[in-house]
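Trainee: Got a sequence here, can you model it:
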Amino acid sequence: MKIAFFTDTFYPDINGAARTLKRFTDYLSDRNIAVKIFAPANQPDEYVPSHIHRFKSASFFLYPECRVAFPNYFQIKAELEKFNPDLIHVATPFNLGLSGIYCAKKLNIPLVGSYHTDFDYYLEFYDLKFLSSILWKYMTWFHSTFKKTFVPSTETLQQLQQHGFTNLEIWPRGVDCQLFHPYYDKLNVRQQYSIRKKYLLTYAGRLAPEKNVELLLDIAKSLPPHIRENIHWLIVGDGPLREQMQTHATENMTFTGYLTGKQLAEVYSASDIFVFPSPTETFGNVVLESLASGTPVIGANSGGVKSIIRDGVTGHLCEPGNVQGFSDAIINLLTNHKVRTQMGFEGRDHALTQKWDKIFNDLIGHYETVIGGSKEKRYA
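Mentor: Here you go, the predicted model:
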């Protein structure tokens, strides 16, 4: 099997879609399934492996970490004819995705896609909601050409069905439970960030309007003094709101920038609660990583996060934007050590069932169905 991927975000980008695609393409390569990746260039002098074709690009205004590429159709067509893929997988609705669709039709290659980012939710946070109907018309048309569209959660699937999407399949996310676990030395994190407070609360993700991260400042200030004075916050990530948040943050709030790998895993493990107010997630990889680390999550009752957190079992779900709801949930967990500990155990147990190997094998099964069906039509 040979698979060609078209995506506007890929390693070393730091976001859920890029990390998932990198892990999946590595998985395919390890199993001798050939891959060719068409993606934007981030740095002009970056090293590019032979199986990746990079194109000049510019930042997308709603999501600067996601880049819009300027592909050369003739280069892509020549690469595809040489590679001769059995399937094209499009993971972006921008220029590269359109090139993938066009080439699939021209070269008669079976085509699937995946839906990673809910840009309609983003519009609301950038005062562009008036573009919603145009966006949905485009997205519905764009995905209508795919034999299957893979979505990360039941909530996203239901939302897309309401907008007329068809041929939807759930492609959930897994977690590396050998990297993310509760057994790190928690003193290391406390010493590294000079944390002397009793409790450590953490957020990890992009610091941008669509993540509703400014709510963290309101939550921190809304807690009663006897709780607030015992909390240290670690804000992991970066983005357009970082400078503004740091300006208005309380003294007990530390901004770390982006962390990955073991550094990030240690922070999850050392935390008492993970607080995630984002209402725009199609899945929420960081939520599952926190649960794998034995840390309960207080998250927004919206999007894909709803399918990860079991309210009252592995954490709490709060109405999006409700400062008091988040504050009450934090107080409840910090003052109930047994409940918090039990939630940590339950979260870890759940994460252990979310194995990447099974998830990727199921996706390969869908690939085989699409490829087999296309061959039957071709030779009928």
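Trainee: can you list the residues that contact stretch 249-266?
Mentor: With contact meaning C-beta atoms under 8 Å, 6 or more residues apart in numbering, stretch 249-266 is reached by 14, 179-181, 184-185, 188-189, 193, 195, 197, 204, 217, 220-221, 228-229, 231-238, 242, 245-246, 267, 289, 293. C-betas here are computed from N, CA, C, even on glycine.
Trainee: From the residues you listed, list just the buried residues.
Mentor: By neighbour count, with 16 or more other C-beta atoms under 10 Å, these hold 14, 180-181, 184, 189, 195, 204, 217, 220, 228, 231-238, 242, 245, 267, 289, 293 as buried.
Trainee: returning to that earlier point: taking the contacts of stretch 249-266 one by one, which sit in strands?
Mentor: A204, I231, H232, W233, L234, I235, V236 (DSSP state E).
Trainee: Tell me if I'm right that the third one and Y199 touch.
Mentor: Yes: taking C-beta atoms under 8 Å as the contact criterion, H232 and Y199 are neighbours in contact, 7.2 Å apart.
Trainee: Using TSV, lay out the ones in strands among the contacts of stretch 249-266 together with pLDDT and distance to F24.
Mentor: Output for the ones in strands among the contacts of stretch 249-266, formatted as TSV (pLDDT from 0 to 100; distance: C-beta to C-beta, whole Å):
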residue	pLDDT	distance to F24
A204	97	22
I231	98	38
H232	98	36
W233	98	33
L234	98	29
I235	98	29
V236	98	24
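Trainee: Among the residues you listed, which pair sits farthest apart?
Mentor: A204 and I231 (16.6 Å; C-beta to C-beta).
Trainee: Now flag whichever of the ones in strands among the contacts of stretch 249-266 is closest to V213.
Mentor: I235 (7.8 Å).
Trainee: measure that closest one to F283 for me?
Mentor: From I235 across to F283, the span is 21 Å (C-beta to C-beta, to the nearest Å).
Trainee: Quick one: mean pLDDT for stretch 77-96?
Mentor: In this model, stretch 77-96 has an average pLDDT of 94.
Trainee: starting at the chain centroid, how far to that stretch?
Mentor: Mean C-alpha position of stretch 77-96 versus that of the full chain (C-alpha atoms, centre = their mean, to the nearest Å) differs by 23 Å.
Trainee: Could you work out the end-to-end span of it for me?
Mentor: Start and end residues of stretch 77-96 are separated by 12 Å (C-alpha to C-alpha, to the nearest Å).
Trainee: ditto for stretch 120-135
Mentor: Stretch 120-135 stretches 7 Å from its first residue to its last (C-alpha to C-alpha).
Trainee: what comes up buried for that stretch?
Mentor: Using 16+ other C-beta under 10 Å as the test for burial, stretch 120-135 gives D120, Y121, Y122, L123, F125, L135.
Trainee: Next: stretch 352-364.
Mentor: Q354, W356, I359, F360, L363, I364.
Trainee: In helices, which of these appear?
Mentor: W356, I359, F360, L363, I364 (DSSP state H).
Trainee: how about those residues in JSON lines, adding distance to N301 and pLDDT?
Mentor: Output for these, formatted as JSON lines (distance: C-beta to C-beta, whole Å; pLDDT from 0 to 100):
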{"residue": "W356", "distance to N301": "27", "pLDDT": "95"}
{"residue": "I359", "distance to N301": "24", "pLDDT": "96"}
{"residue": "F360", "distance to N301": "29", "pLDDT": "96"}
{"residue": "L363", "distance to N301": "28", "pLDDT": "97"}
{"residue": "I364", "distance to N301": "33", "pLDDT": "96"}
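Trainee: Now do the strands in the stretch 251-380 of the chain.
Mentor: 253-257, 273-276, 297-300, 315-318 (DSSP state E, counting those that start in this stretch).
Trainee: In TSV: these, plus mean pLDDT.
Mentor: Below are those laid out as TSV (pLDDT from 0 to 100):
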stretch	mean pLDDT
strand 253-257	97
strand 273-276	98
strand 297-300	98
strand 315-318	98
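Trainee: what would those look like in TSV with mean neighbour count and distance to K129?
Mentor: Putting those into TSV (neighbours: other C-beta atoms under 10 Å; distance: least, C-beta to C-beta, whole Å) gives the following:
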stretch	mean neighbour count	distance to K129
strand 253-257	16	30
strand 273-276	26	23
strand 297-300	27	18
strand 315-318	25	23
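Trainee: Same list (those) but as JSON lines, adding distance to K338.
Mentor: Output for the strands of the stretch 251-380 of the chain, formatted as JSON lines (distance: least, C-beta to C-beta, whole Å):
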{"stretch": "strand 253-257", "distance to K338": "28"}
{"stretch": "strand 273-276", "distance to K338": "15"}
{"stretch": "strand 297-300", "distance to K338": "17"}
{"stretch": "strand 315-318", "distance to K338": "15"}
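Trainee: Select, out of these, the one closest to Q342.
Mentor: Among the strands of the stretch 251-380 of the chain, strand 315-318 comes nearest to Q342, with 11.4 Å by C-beta to C-beta.
Trainee: Kindly give the local confidence score, pLDDT, for the closest residue to K355 other than its chain neighbours.
Mentor: Nearest residue to K355, sequence neighbours excluded (C-beta to C-beta, 6 or more residues apart in numbering): G174, at 5.6 Å. Predicted confidence (pLDDT) for G174: 95.
Trainee: For the nearest residue to P152 once chain neighbours are set aside, give me its contacts.
Mentor: Of all residues beyond its chain neighbours, the one nearest P152 is F283 (3.8 Å), with distances taken as C-beta to C-beta, 6+ apart. Taking C-beta under 8 Å, 6+ apart, we find F283 in contact with G16, P152, S153, T156, P172, R173, G303, G304, V305, S307, I308.
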